[in-house]
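1. dropping a prediction and its sequence here:
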Amino acid sequence: MGLRNLVAIVRGDRKWVICAEQVVDATADTAWELAQSRLPGMSLPEARGYIRARARGEVRRVADELIGGRRNLTNQRARIVSHALDEIVQMTISRQLNTQPARGAMRRAA
């Protein structure tokens, strides 16, 4: 939970955070399926950008479905999508790091 979430909770503006968490729950597996085959050869910044680009369309679609006609969340759409993408990127990279076999220790040359 980031600083923005804590501030939102303190201010009582938690509805968008809950919606973003629902978007993450609905799209995390899809993002993993879209990105997993390409991630092993990428650097960390490249992987973040790739995951974000591949997941963006699905996150927007699910966010629009969840927001629907709720006027109080329509103004928060960009915030919901941004937060959901940040969480999905973090989750996907963690999942990739956990599925990769550990590299052996490199020995130093004498």
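-> Everything's here; your move.

2. contacts and neighbour counts: CA atoms only from here.
-> Fine.

3. need phi/psi at the spatially most central residue of the chain.
-> Nearest to the mean C-alpha position of the chain, counting by Cα atoms, centre = their mean, stands Ile88 at 1.6 Å. As for Ile88, its main-chain torsions (degrees, to the nearest 10) stand at phi -70, psi -40.

4. again with Arg70
-> phi -70, psi 110.

5. how near is it to Arg77?
-> 11 Å (Cα to Cα, to the nearest Å).

6. neighbour count: those two, which is higher?
-> Remark: of Arg70 and Arg77, Arg77 carries more neighbours, 18 against 9, as counted by other Cα atoms under 10 Å.

7. so who does that one touch?
-> Residues near Arg77 by Cα atoms under 8 Å, 6 or more residues apart in numbering: 63-64, 67.

8. do Gln36 as well
-> Going by Cα under 8 Å, 6+ apart, the list of residues near Gln36 reads Gln96.

9. let's go with 10 Å and repeat that
-> 47, 51, 92-93, 95-96 (Cα atoms under 10 Å, 6 or more residues apart in numbering).

10. how far away is Pro45 from Gly57?
-> Pro45 sits 20 Å away from Gly57, going by Cα to Cα.

11. which residue is the nearest non-sequential neighbour of the residue nearest to the centre of the chain?
-> Ala28 (5.8 Å; Cα to Cα, 6 or more residues apart in numbering).
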